[in-house]
Structure formats: C-alpha cells, structure tokens
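J.: here you go, sequence then predicted model.
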Amino acid sequence: MSPQYTEKVMEHFTNPHNVGEIPDADGVGQVGNPVCLTEGTLVQLNNHYKEIESVEDGERVLTHEGVFSTVLQCSVRDYAGTILRLKNKLGTTDMTPDHLVLGIKKPKEQRYNHARYKKLLTPDWHHASELEPRDIALYPILKETRDQEFFDLRTVADRLTTSAVKLPDRIPVNDEFLRLAGYYLAEGSVVPDASLHFSFHIDETEYQEDVVRIFERLFGLKPSIDRRDASNAACVSVNNVHLARVFETTFGRGSANKHIPDFMLFLPPEKQAYLLKGLWRGDGYINLFRKGPRAGYATVSMQLAGQVKTLLLRQGIIPSVDKESGVVRENITHLEAHRIHVGDASSLKKLCLILEIECPLSDTRKEHSWIDGGFLYTPITSIEEYQFTGKVRNFEVNNYHSYVTDSFTTHNCGDMMYIYIKVKDDILTDVKFKTFGCGAAIATSSMVTDLAKGKTLEEGLKITRKDVAESLGGLPPQKMHCSNLAADALHEAIHDYLRKVGREPPLPPDAKKPHEDDHCEVDEDSPITIEDSVPKK
Amino acid sequence: MPPWIKGELMDRVYFDNSATTKVDPRVLEEMLPFFTDNYGNASSLHSFGRDAYDAMELARERTGKALGTAARDIIFTSGGTESDNLALQGAAYALANKGRHIITSMVEHHAVLHTCQFLETQGFKVTYLPVDAEGLVSVESLRNAMTKETTLVSIMAANNEIGTIQPIKDLAEVAKEGGALFHTDAVQAMTKVPLDMSKLKVDMLSLSAHKVHGPKGVGALYIRKGVKLRPIIYGGGHERGLRSSTENIPGIVGLGKALELGMSEMEESVAKMSAIRDRLIDGTLKAVPRSYLNGPRDEKRLCNNAHFRFDFIEGEGMILHLDMRGFAASTGSACSTKSLEPSHVLRSLGLKHEQCHGSLRLSLSKFNTMDEAERFITTIGPIVENLRKMSPLKEGVDYNVATVH
C-alpha cells in the first residue's frame, strides 16, 4: 500500500493485535513519557543547578524559551537498558535514547559543514538516538532582565549589636559594587562575625587599590593592605562584623560555596559586565598572544561556574565548561575544579571590551558555535552509549514542557506507547498495547505483543528491537526508532511486574555504570592544558 | 493503461488535488499531436518549426488572457518551482545594487522559502513575515517590514496546505508604495481565484500546469513589462533569453489549453468545489468529535481546500486507512515525511507538534462529486474512532508531545 512499508507492517497496522488496556495488569511498561534522565544530572533552576533527583514539585526550572517555569510533577522510574551520554562544550547529559533534545540534525551535504549554511537549518526536538556527533545542540540563554538600583544591607545585618562602624542602610548596585562582588567571589574570604579578606598577587596593585577605593566610597571603611613578600601575596582586609556577615550571606563563604546572588543574575547585561570584570581579574586569565588565543576562568564552586557561564552567554560570549576532578600535584591538593574557557575570536573581543584590554584578534577562525535569537548553538562533540541499571527521572514543566540541564535542552516526552501484561507462573498470559504514533509505531506495538504472548518472562526480556523489526520484514530507516519503543515498553512492563512482586529485575547484558573519569573528545575551541588554565597567582 | 489500475479506478476518490491533478482529457487531446506529428523545434525555420512555434504562441496568448495580460509578458518554465526561482533569484540579483532586502512569509512553499534561504547565503537579507492563526499575512506587518533596501516582496496568492487566500491586492500595493517588486506564487490559486494583472499591482506571478489539470513539468512566470530579471539558466536564448532550453511544446500546449478551460469554466467549477468543500467541512466536523478546521472558514479559504486536525491521533495512520478504503488525501504530520518534521505552515499557525500530527488535508478538483464527499464523511468517523482506541491519549488528560514555538 504505502511504498515504504512491508506487507507485514501493513497487516499489523490494518488489523493490530491485542489493542487496549488491561485494567488489572500485573505490569505496565511505558515509553516516551515521561521519565528519561539519569540521577546526578544537573538541572538549571532559578539561578542555580541542582541534581535532578533533588528537584521538587513547584520549583522553577529554566525552559527552552530562556524563561523559568514551574515543575508540576517529578517522576521517577527504574530503568535497565541503554543510556546515551551526550557531550557538548558546556558539559554532558545522560539520557534514555528516546528522550527529546532540542537541536539541529545536520544534513550530510558537505556545505552544511559551513556555519553560514548550518545557520539556515531549523531547530527541532530530536530523539537522542537520532542525533550524531556534529549535530547542533541548542542551549537557551536566560532572557529575564530585572534591574535593581540599590542593595539593602539592613536585611542581612540589622540584628547585630556589636559596636562596629555603622554601615549605610543601602548601597547602589553600580559598577563599583559589582566589581567588588566579583573580587570577593574570586579572591575573598570571611572570618565569620569578624572580618573580610581579599588576597591578590603582590604585583596586582591596581586591583588592591581598586578594592580599597571601593570600600572607602561605598561603605566609608578604610581597609588595610598586608604585603607578604615571601609568598608573593598581598591581602586587603576590612574589619567589620556587619560587612563580614553581609558578604557571607550574600555570596557564600569558602571557595566551594561561593555563588552570585539571585538579583545579580537578572541585572541588565551592561551591569553584569562589571561583575565579570571583577571575577575575571580575580580568578581568570586571558592570553591573546599564544597560538590559540584564549581566556579562562577557574573555580571550585560548581554553582559559581554555572553562573559565570550564564553571565558570559548574556554578554554574547561563548564559553566551554570542563570539570577537572581533584588531584594532588606537586604536593598541593587541588579540589575538583570547574574551568570555563573562551576561545573564539568574537567572544574574546567582547571579553576584552569588558576587561578593558586591547584586542588584536581578527575574526578568522572557523565558527563552530554561535549565538542567535536567545540560544547558543553548539555542536555535539561526542555521544557514548552504555548499559545502565538504576533510576531515571523527568519533570512535567508548566507551559513550556522543557527544561535545561547544564549542557542540553530537553523535553518532557515524545512518542507514547503503553504495554500491559498479565503474568501467571512466569508466563506472559496476556499482552496488550496502546500507542500514539505513526503506522510503524502501531505495527511494532502489535508485533511485540504477538511475539511476547505465551512466552516466559525471561524470553520476553530477550525480545530485541531487531527481532521486532525483522518480524515485520524490516522498517524504513526513519521509522527504526518505533521498533525501539515497542521492545523497550515490553521490557519495562516485565520489570514493573518483577518489582511489584519483589523480585530484582535482571541486569541487561554487559550492564555497567558509566566511568566517572571518561575523557570525551572536545572540539578545537577547548583543548586545555593544565598550565594555561591555572589561575594566575 | 496498466491492467492493475482497471476496475479500481471506479471506486477510488482523489482528494489530493493540491498535490497534483488529473489531466483533463480535452487537454491531453490537444497535446498528443505535438509528440508524434508536429514535433518540431520552435526555433527551426521550416514548417515543422513554425507549427510548433505557432502552437507555443497560442498557448502564450491563452496564458496571458487567463491573467488579463498580453502574451509577451509570459515566460514558460518547467513548473512552479522554476518560476519561483527565476522570479526571486532573477529579481534579487538584477536589483542587487539598489538594495539587498527581500520580504516573504513564513508559510510560503519550499520553492520560495528555500530560494530565500539560499539568497541569504549570498548576502541578501530576508524577512519572513509571520501569519495569524488562520494563516493570513497582515498588510500592516508588510508595511512595517518594508525598508529603503527592500527590492522584492514575495507572498503566495493562496496557501497549499491550509488554503488561506492572502490579500495580495493590498500587499502588492504596499510593496509598490515602498518601491519594491511584488511576486506571488499563484500555483494553488490559479483558476480558483480571479487574478487579473491589469487590476493587481503584481509584477511577477508563478503558475504551474499540473495543478490545473494540465501536464507535469511545465509552468509559467508572468513578468510585468519593464521588470528586469537576471536569468538563472543560460543557453540558446529562448524565452527572451530568460529561460534557455528548447521549449517543451506538448507541455506548453497543455498548459495553454488547461488554463483556457480552467478560466472559461471557473465560475461553475468554483461553485461546485465550494459546495463540496462546505459539505466536507460541516459533515466531518459533525461526524468526528474533537475535530477542528485549520485555516479560515469564509471567502478567505480556497474553494478546494478542507484541512482538519483530530485530537489524539497521528495523521499517517489516517492516510493509510483512508487509502485502503480508496481515498487519497494528505497530512502535515511529521511521520509521513522523510524528515520527521511537521509542516512549517502548521507550526507557524501556532499549533503544537501533536496537533500538526493529527492533521488531514482534503483538496478537491472539478472532477470530485458530492457523492464522494458523503462517502468520505461516513468513512472518516470509524477510522478516527478506531485509531483513538489505540491511542493512550484521551479526553480530560492533558498530554504533551514535543512542541517548539
């Protein structure tokens, strides 16, 4: 009938077997909707990242439109099967193969290797399994902007009764305060209820004086500078219990806990530039004269790294993010570090403007990633497949039906298929299905019920996608994912049954946990060496 | 005729006339001598050539007449796609030193959209005007998009998917006021909507033979006198140097005849198709719960287009089931296309992914009958019901299938 379908497909499509629900089913398998990412995946919430398993109903997550929306429902299920690990320059996200990712499938023609042609393609939601390295992932840039003129100090410091110098009630959120915030986040520390300290390299006199000047002008305080030639360090200190409390509450104490307060993340990008300036002067570097000019920022705070990424994207600067696990090198213990790199010429130029440095670069490098219409477009650098047994999660997000991990934009759900089973003495006595999908989705559902009926649970788990497709005499290439769904749904129904009766679902063949230290390939913008990524000291 | 078609023909209903149409037997009759008897090359000086040339010029006159213009304003091409390419690329390049901005709409045929996207890679700027929920381009939005740099505006006369008729009279005037050329793709509108070039400020118009009961592989481009184009095909200088290539005489003859017939029978055919369309719309919406009409309901809709969407089901299944019962229709569903992408037209109406999935287009011709409509109405209900039984989506459950706005 249809030139692309075999007779067998048409037969099962026309007269599908075993349609319907089993109301008292012993097991139900559902695919497509709604549970898909592995635990540990970082989800971008209102101004911070959180592991997917600790997100709760009612929290606000960033959506593909670059605005926040409420999580209506969190879901979790046990999963045994293939997980895909997608990587791009922002990070990695592990998901089930049918999970939907916002991206662009790059056609095979040579010309789509050029950015100007790539830019003409329309983004859409794609199953993770359809994507390949070099396809483009979209990452939304936070759109919301809320200016704030003043920062109120009383809210955090009014209950103190010490005799420290009185601070002003509020200070302006201006270039100086934002720069100071940047210095603190990068170089600052607090002695609780006592003092604030900023450590710089002894030669960074400009920054030391900048900090002193800002304290005088904003707070009427006179910091001291303590130079230690032996360690090449200079420490700017302010003894004020109020201010120590203010900075601790607002920006966090200890490198690993530093974060940018909510309101600063929403400030207009023009103002945020000052914050970046302070941050970069503290923990960043920029080298325009090496062979591949680049700039970088390193922090041990995962939250701060994510926030700096957001700040950069809002400036139109394309970052790449890498995580480096903690090591001991030359007798110094290095904590787990998050490194942000900027490598393309147009981004470096923008960064130079912010840092007030002259930029000798011209736009000659290839454009692998670009920013357009509120999205970062960046190639998928690698996709790994591994077998996984454990919990996977997903959300229902109000209105937008999408949410954002630290690296990819993902959707609630996709095609929908339900398989219902009745089990007696480990035999699948009845198998039924319900499916929303094309002819192939219906035919594969019908076929999988046929294949499974009367089989043992063990045999049912051995029915593969390939079995389903082959029993139907083959499927057109673009319909192959339909056969994935049918077999997956059956396996899930069986797992569901096993769990209900208190039995452990078997591990899939060669199931293993992912390696934590996988070194995935990176694109040419972000090769890093330890030397040049160490913040200057 | 191959034996396997015989017998089935009687029962089959063709509701896919926006894809292509049956060649009118009277058109075929006029074409046939030009394959075996008058097969000359229109450029030749001998009698064979003259016969071919005369037939071509008669077709040109008929085409001109169908558009209320002179024969000299017509260029024959290989079809609607080529006409669109010649109009857009030809005008864009010819006017490139005057400006490099083009305006079109988001619901154009790919022949226009992809040409515009190509021009973007060549240093032209293109504005894609959005449409409202019925698929209409607003005259105001065009006015706002016009700049000093704008040299060309291309808006289709009627949409191929949802049948929306665009206000090209007003749109063309806005383009003219702004000093830009106005092109319209009238492939679907031809012989269904009056298109009089003496009354419209249209500078270029694309049309195709096979959508109006003519043969495939031939079309025409109307070019108003004085409009300069740069050719996209070079060679022997045929068609005033704008479209080199030995003329497809049988095809051109067929186009001329099809347009002549189409225009002379327009009033009658439009009335007939409108009545069948209205019956299809009313009957289907009544027969199927949770069914909706896409596109406008009134005179803004093409007389031959009915475009539905049905909750909870996917279009491909519908098409396959209809096909088995002898009905040929089409869907905007992603699953039926190679790309797995739902229609850009439906998406630009603001429809969600799953709503595009459950869509069905019926497009009529003068050969359809009211009886066929009645048969369709009794057929579609059970098909949808049957597919819904298989669907896990149901009333009262808010379901969300992937959607990007």
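T.: Alright, I've got the coordinates. Numbers count the residues shown, from 1 in each chain, chains lettered A, B, ... in the order given.

J.: I'd like to know how many residues surround A:Thr14.
T.: 15 (other C-beta atoms under 10 Å in any protein chain shown). For every residue, glycine as well, the C-beta is placed using N, CA and C.

J.: now it, nearest residue through space, not along the chain?
T.: B:Met324 (6.6 Å; C-beta to C-beta, 6 or more residues apart in numbering or on different chains).

J.: all helices of chain B, in order?
T.: B:25-31, B:33-36, B:47-66, B:80-94, B:110-121, B:139-145, B:168-177, B:249-264, B:266-287, B:315-324, B:344-348, B:353-357, B:370-390 (DSSP state H).

J.: any chance of these in TSV, with mean pLDDT, mean neighbour count and distance to A:Arg146 too?
T.: Output for the helices of chain B, formatted as TSV (pLDDT from 0 to 100; neighbours: other C-beta atoms under 10 Å in any protein chain shown; distance: least, C-beta to C-beta, whole Å):
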stretch	mean pLDDT	mean neighbour count	distance to A:Arg146
helix B:25-31	97	17	66
helix B:33-36	96	13	72
helix B:47-66	97	19	60
helix B:80-94	97	25	43
helix B:110-121	92	19	35
helix B:139-145	95	16	29
helix B:168-177	97	20	39
helix B:249-264	98	25	60
helix B:266-287	96	17	46
helix B:315-324	88	23	43
helix B:344-348	68	22	31
helix B:353-357	62	24	32
helix B:370-390	93	18	46
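
J.: select, out of those, the one closest to A:Lys277.
T.: Evaluated with C-beta to C-beta, these place helix B:110-121 nearest to A:Lys277, the distance being 36.2 Å.

J.: who's in contact with that closest one?
T.: With contact meaning C-beta atoms under 8 Å, 6 or more residues apart in numbering or on different chains, helix B:110-121 is reached by A:116-117, A:120, B:80-81, B:84-85, B:88-89, B:92, B:102, B:104, B:108, B:124, B:126, B:128, B:154, B:156, B:185, B:206, B:344.

J.: at 7 Å what do you get?
T.: Helix B:110-121 has contacts (C-beta atoms under 7 Å, 6 or more residues apart in numbering or on different chains) with A:116-117, A:120, B:80-81, B:84-85, B:88-89, B:92, B:102, B:104, B:126, B:154, B:185.

J.: quick one, it and helix B:80-94 angle?
T.: Angle, helix B:110-121 to helix B:80-94, by axes from the mean of the first three to the mean of the last three C-alpha atoms, to 10 degrees: 30 degrees.

J.: the stretch 201-350 of chain A: strands as residue ranges?
T.: Using DSSP state E, counting those that start in this stretch, the strands assigned to the stretch 201-350 of chain A run over residues A:224-228, A:233-239, A:284-287, A:294-299, A:320-324, A:327-329, A:332-334, A:337-342.

J.: of all these, which lies closest to A:Phe151?
T.: strand A:233-239 (16.7 Å).

J.: quick one: strands adjacent to the closest one?
T.: In the sheet, strand A:233-239 lines up against strand A:195-201 (antiparallel), strand A:224-228 (antiparallel) (DSSP bridges).

J.: re the thing from before, pick out the most distant pair among the contacts of helix B:110-121.
T.: The most widely separated members of these are A:Arg116 and B:Gly80, with 27.3 Å between them, by C-beta to C-beta.

J.: any idea how many residues pack against A:Asp430?
T.: Count around A:Asp430 with other C-beta under 10 Å applied: 18.

J.: likewise the one 10 residues further on?
T.: A:Ala440 is surrounded by 29 other residues when neighbours are defined as other C-beta under 10 Å.

J.: just want the most central residue of chain A.
T.: A:Asp406 (1.2 Å; C-alpha atoms, centre = their mean).

J.: residue of the stretch 51-200 of chain B nearest chain A, please.
T.: B:Gln117 (4.6 Å; C-beta to the nearest C-beta).

J.: separation between that residue and B:Thr379?
T.: Look at B:Gln117 and B:Thr379: by C-beta to C-beta, to the nearest Å, they are 39 Å apart.

J.: ok so, going back, reformat the strands of the stretch 201-350 of chain A as a markdown table; add mean pLDDT.
T.: Below are the strands of the stretch 201-350 of chain A laid out as a markdown table (pLDDT from 0 to 100):
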| stretch | mean pLDDT |
| --- | --- |
| strand A:224-228 | 88 |
| strand A:233-239 | 89 |
| strand A:284-287 | 86 |
| strand A:294-299 | 87 |
| strand A:320-324 | 85 |
| strand A:327-329 | 69 |
| strand A:332-334 | 69 |
| strand A:337-342 | 88 |
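
J.: turn those strands into a markdown table, columns for mean neighbour count.
T.: As requested, these are arranged in a markdown table below (neighbours: other C-beta atoms under 10 Å in any protein chain shown):
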| stretch | mean neighbour count |
| --- | --- |
| strand A:224-228 | 12 |
| strand A:233-239 | 19 |
| strand A:284-287 | 18 |
| strand A:294-299 | 24 |
| strand A:320-324 | 19 |
| strand A:327-329 | 10 |
| strand A:332-334 | 10 |
| strand A:337-342 | 23 |
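
J.: as CSV, those with distance to B:Gly40 would be great.
T.: Formatted as CSV, the strands of the stretch 201-350 of chain A follow (distance: least, C-beta to C-beta, whole Å):
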stretch, distance to B:Gly40
strand A:224-228, 99
strand A:233-239, 95
strand A:284-287, 74
strand A:294-299, 70
strand A:320-324, 67
strand A:327-329, 85
strand A:332-334, 86
strand A:337-342, 69
